[in-house]
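> 3D model of this:
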Amino acid sequence: MSFISILFALLLEQAKPLAQVNPVHNSVRDWVRWVMRNFDAGKSHHGWLAWNFAVILPTVLVCAVHWLLVWSLGWAVAVVWNIVILYATLGFRQFSHHFTDIRDALAAGDEDQARRLLAQWMRIDASDLPRSEIVRHVIEHSVLSAHRHVFGVFAWYSLLAALGLGPAGAVLYRISEYVFRHASRPGSPTRPPVSAAVQANASKAWNAIDWLPARVTALGFAFVGSFEEAVDSWRQYEAQGPATNDGVVLAATAGAVNVKLGGQNSQGDGQVPQPVHLRAVVGLVWRTVVMWMVFLALLSLARLLG
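Prediction:
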């Protein structure tokens, strides 16, 4: 089921991707804001209560629908439900057009346009960034987006689907990531403030949930890229001090494509980022997708033969 569901969800997402503003994401945003507004009372236990309502309740509901479909209508209809959920949670095309537009601007020699597009995408001041820094930011943001929108979803979906929980893993991963981003954003007059308790709990939960997917993504990049360099860069990064999940992914990427990432705390002993590395990153991501699909296909085949 996992292989078929992911394959059709990827094909559907490539053929007709969800717009950046769409009813599914708007519903998740409104749900999280409603939960925070009604359950965030500032205490630590309130923070965990809000997080559980925001993340665990939708996860349980999606799992319940999956099993209701299995029992009432059969596995074929349940597979369709899995595809729908994966289509809503995967987001290859949610960020790839930003990457493509900036890459095309750099290829045309229009660095000012590349800076404007980068500032619009990442919401940073890119007016003074040199060419190499533009490329570095694009690589880092694209790789982390691919991890959070694709490979992290693959990992949690595959894990919980193997346990019979259907698409619950995909929902758990994506909503927990959104709650973390929502809680981490600076205050706004149009959005009620999020308490320090919710911010801390959302960060702890997200770090725990993303720990395994980040390392699976890093291993995937190592396998399809320069393995020894990726592993060495990963080791060097972890030897510097406490490692973050994003840092592990970037360290493996730096070694896999032989490029320096991380700015002042540069990761990897590779080259200064250049536009040619953008093509290398695209190849790295797609080879990792193919590796995932082959792996899931082999698992499905083994289950059928077993």
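> For residue 60, pull up the helix or strand it's in.
helix 57-72 (DSSP states H and E).
> Can you name the element that comes right after that helix?
helix 75-89.
> in that next one, what counts as buried?
For helix 75-89, burial by neighbour count (16 or more other CB atoms under 10 Å) applies to 78, 79, 81, 82, 83, 84, 85, 86, 87, 88, 89. To be clear about C-beta, it is placed using only N, CA and C from the backbone, and glycine gets the same treatment.
> wait, isn't the third one in contact with residue 65?
Put plainly, it is residue 81. Yes. When contacts are counted by CB atoms under 8 Å, residue 81 is listed as touching residue 65 (6.3 Å).
> quick one: residue 107 from residue 282, how far?
13 Å (CB to CB, to the nearest Å).
> Looking at those two, which is more packed in?
The residue with more neighbours, out of residue 107 and residue 282, is residue 282; 16 against 12, by other CB atoms under 10 Å.
> one step back: got the CA coordinates for the helix holding residue 60 in PDB?
The C-alpha trace of helix 57-72 is given here as PDB (Å, rounded to 0.1, in the frame of the first residue of the first chain):
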ATOM      1  CA  LEU A  57      -6.400  14.800  17.300                       C
ATOM      2  CA  PRO A  58      -6.300  15.200  13.500                       C
ATOM      3  CA  THR A  59      -3.800  12.400  13.400                       C
ATOM      4  CA  VAL A  60      -6.200  10.000  15.200                       C
ATOM      5  CA  LEU A  61      -9.100  11.100  13.100                       C
ATOM      6  CA  VAL A  62      -7.200  10.400   9.800                       C
ATOM      7  CA  CYS A  63      -6.300   7.000  11.200                       C
ATOM      8  CA  ALA A  64      -9.900   6.300  12.200                       C
ATOM      9  CA  VAL A  65     -11.200   7.200   8.800                       C
ATOM     10  CA  HIS A  66      -8.500   4.800   7.300                       C
ATOM     11  CA  TRP A  67      -9.700   1.900   9.300                       C
ATOM     12  CA  LEU A  68     -13.400   2.700   8.800                       C
ATOM     13  CA  LEU A  69     -12.800   2.600   5.100                       C
ATOM     14  CA  VAL A  70     -10.800  -0.700   5.400                       C
ATOM     15  CA  TRP A  71     -13.600  -2.400   7.400                       C
ATOM     16  CA  SER A  72     -16.600  -1.000   5.400                       C
END
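> what about it, average pLDDT?
Across helix 57-72, the average pLDDT comes to 96.
> Quickly find the element holding residue 38.
Here residue 38 is assigned to helix 23-39, by DSSP H and E.
> and that helix, how far from the chain's centre?
20 Å (CA atoms, centre = their mean, to the nearest Å).
> what inclination does the following helix or strand past it have with respect to helix 23-39?
Counting by DSSP H and E, the element after helix 23-39 in chain order, helix or strand, is helix 44-51. Counting by axes from the mean of the first three to the mean of the last three CA atoms, to 10 degrees, helix 44-51 points 160 degrees away from the direction of helix 23-39.
> what's the nearest residue to the spatially most central residue of the chain if we skip its chain neighbours?
Centroid check for the chain by CA atoms, centre = their mean gives residue 148 as the closest residue, at 0.5 Å. In this structure, residue 148 finds its nearest non-sequential neighbour in residue 177, 5.7 Å apart by CB to CB, 6 or more residues apart in numbering.
> Show the backbone phi and psi for residue 271.
phi -90, psi 160 (degrees, to the nearest 10).
> what's across from it in the sheet?
Beta bridges link residue 271 to residue 259, judged by DSSP bridges.
> which residues touch it?
Applying CB atoms under 8 Å, 6 or more residues apart in numbering, we find residue 271 in contact with 258, 259, 260, 277.
> if we look at stretch 159-167, which residues are touching it?
Contacts of stretch 159-167 (CB under 8 Å, 6+ apart): 1-2, 5, 62-63, 66-67, 78, 81-82, 85-86, 89, 157, 168-169, 172, 212.
> Of the contacts of residue 271 - the most surrounded one?
residue 259 (27 neighbours).
> pretty sure that one contacts residue 270?
Yes. Using CB under 8 Å, residue 259 and residue 270 qualify as a contacting pair, with a distance of 4.5 Å.
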